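Novice: Sequence isn't available, so here's the structure alone:
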């Protein structure tokens, strides 16, 4: 007797695999700079504030680009929108290898315009990070849109958790290879090699991805299963060419819904935590434990391996409540409350850090794992409540807010670390930042719950 899965088909998981690998590449590219920060800071005499400024350019451009990326992807469609985003961010990643020349050219232009210049290395890395952030902004709006297209609501958080675990794999692979490449062939080669990987993904994307209505590899049974819980007003049609054009929904109208604000505030409050861990952990291990280069490979690999459990487990967790009769949104919110308790262990990272560097690595690993579990669910609250045609746009609005939150926490961290380093107590700066990271999720959950107490899908768009 064939299983239910074999009767329905499982091509949708091929799409999930493509999203997983794209997200892996996305995080590989963005993490190279943080891993090389100790080396680059010594070579170019950067302060913590200098590094925070460079990182903040990425986050700021990423944040505002997210707003437009969602609209562009809704307009172009998932296939071409995702492809263009990956091409742009791969070029931006490769540009880092030429940051000194780019910085010199940038300062020449600024001088011609009568504007103040900055050190060449800082200017070059800022421009490269800006291009990287502009392209990478398309990853999550496109991936969430593809998930909404290929998965029924009850499977979306699991699919999101699986593809989002690509960020963990990228974070694991980066410390395993970037420092080694830099030591053998120079830091420029690390940017060139990692940046070029994304172009290989494009081949498989164009071969295997197509909209479900046009996907010849998708069985009729699986197509019907994907749309089995479709409650939206938009019709499900076999040929999109025969359907009427969908009316564009304005940002202003989307911002009129509490559901949009719940997602947006949730992202603003919590995305910065992940950015902080991603961009500052190598610097933290160098500052507090004098670890650098390949010495940080194993600790970071262990930490980010832990986050895979949170990403996939967090995607599965709300299904437990949904099977008990909760709506998808209510089940997710219940799961997110429990998930929000786990980052509190980060409060122990500094008090117990004197025992061994493994103490903060493990506690931060639990907090980062909880973030990935949270992320898998907060993304899916959008596709639970909004029509598919607006999903990427709402993700873009929330993504912009999350990026701005990242800028705030990155700039705050740089200022605190330079301040307390001058006082000879940089550990205090990290204690403050870890405390903020620990409580962010519970505060975000309370605000989200107050805005949308119960499941309320949007039906008038």
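Specialist: That came through, no problem. On a predicted model such as this, the values are computed, not experimentally measured, just so you know.

Novice: which stretches of the stretch 351-461 of the chain have low pLDDT?
Specialist: By pLDDT under 70, the weakly predicted segments of the stretch 351-461 of the chain are 461.

Novice: what are the ranges of the helices in it?
Specialist: Ranges of helices within the stretch 351-461 of the chain are 358-385, 388-422, 426-451, based on DSSP state H, counting those that start in this stretch.

Novice: and these, which is most packed in?
Specialist: Counting by mean count of other Cβ atoms under 10 Å, helix 358-385 has the highest mean neighbour count of the helices of the stretch 351-461 of the chain, with a mean of 25. From N, CA and C alone the C-beta is placed, and that goes for glycine too.

Novice: Now do that helix against helix 426-451, angle only.
Specialist: 20 degrees (axes from the mean of the first three to the mean of the last three Cα atoms, to 10 degrees).

Novice: Now do helix 358-385: distance to the chain's middle.
Specialist: Here helix 358-385 shows a centroid-to-chain-centroid distance of 11 Å under the convention Cα atoms, centre = their mean, to the nearest Å.

Novice: And that helix, what does it pack against?
Specialist: If you count contacts as 3 or more Cβ pairs under 8 Å, 6 or more residues apart in numbering; DSSP states H and E, helix 358-385 packs onto helix 139-150, helix 153-185, helix 258-289, helix 297-322, helix 328-339, helix 388-422, helix 426-451.

Novice: Is it possible to get these out as a markdown table so that each row also shows distance to residue 374?
Specialist: A markdown table is the format used below for the helices and strands packed on helix 358-385 (distance: least, Cβ to Cβ, whole Å):
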| stretch | distance to residue 374 |
| --- | --- |
| helix 139-150 | 14 |
| helix 153-185 | 10 |
| helix 258-289 | 6 |
| helix 297-322 | 7 |
| helix 328-339 | 5 |
| helix 388-422 | 12 |
| helix 426-451 | 6 |
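
Novice: Determine which of those approaches residue 96 most closely.
Specialist: If you check each of those against residue 96 by Cβ to Cβ, helix 153-185 wins as the nearest, at 11.6 Å.

Novice: helices or strands next to the helix or strand that comes right after the closest one in the packing?
Specialist: Next in sequence after helix 153-185, counting helices and strands by DSSP states H and E, comes helix 187-196. The contact analysis (3+ Cβ pairs under 8 Å, 6+ apart) places helix 187-196 against helix 11-44, helix 78-95, helix 153-185.

Novice: now the ones you listed in CSV, with distance to residue 451 and mean neighbour count?
Specialist: Formatted as CSV, these follow (distance: least, Cβ to Cβ, whole Å; neighbours: other Cβ atoms under 10 Å):
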stretch, distance to residue 451, mean neighbour count
helix 11-44, 28, 22
helix 78-95, 28, 22
helix 153-185, 20, 22
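
Novice: what's the closest of those to residue 267?
Specialist: That would be, of the helices and strands packed on helix 187-196 and by Cβ to Cβ, helix 153-185, which comes in at 13.6 Å.

Novice: Next, the angle from the closest one to helix 358-385.
Specialist: 140 degrees.

Novice: quick revisit: of all the helices of the stretch 351-461 of the chain, which one comes closest to residue 151?
Specialist: Here helix 358-385 is closest among the helices of the stretch 351-461 of the chain (Cβ to Cβ), at 8.6 Å.

Novice: circling back to that earlier point, for the helices and strands packed on helix 187-196, give me a markdown table that also has distance to residue 272 and mean pLDDT.
Specialist: Output for the helices and strands packed on helix 187-196, formatted as a markdown table (distance: least, Cβ to Cβ, whole Å; pLDDT from 0 to 100):
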| stretch | distance to residue 272 | mean pLDDT |
| --- | --- | --- |
| helix 11-44 | 15 | 93 |
| helix 78-95 | 20 | 96 |
| helix 153-185 | 15 | 86 |
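
Novice: Compare those and report which one is nearest to residue 414.
Specialist: Nearest of the helices and strands packed on helix 187-196 (Cβ to Cβ): helix 11-44, 11.4 Å.

Novice: Determine how far the closest one lies from the middle of the whole chain.
Specialist: Its chain's average C-alpha position is 10 Å from that of helix 11-44, according to Cα atoms, centre = their mean.

Novice: show me what contacts residue 439?
Specialist: 343-344 (Cβ atoms under 8 Å, 6 or more residues apart in numbering).

Novice: could the helices of the stretch 351-461 of the chain go into a markdown table alongside distance to residue 349?
Specialist: Below are those laid out as a markdown table (distance: least, Cβ to Cβ, whole Å):
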| stretch | distance to residue 349 |
| --- | --- |
| helix 358-385 | 4 |
| helix 388-422 | 14 |
| helix 426-451 | 5 |
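
Novice: So which of those is nearest residue 270?
Specialist: Closest approach to residue 270 among the helices of the stretch 351-461 of the chain is made by helix 426-451 (5.2 Å; Cβ to Cβ).
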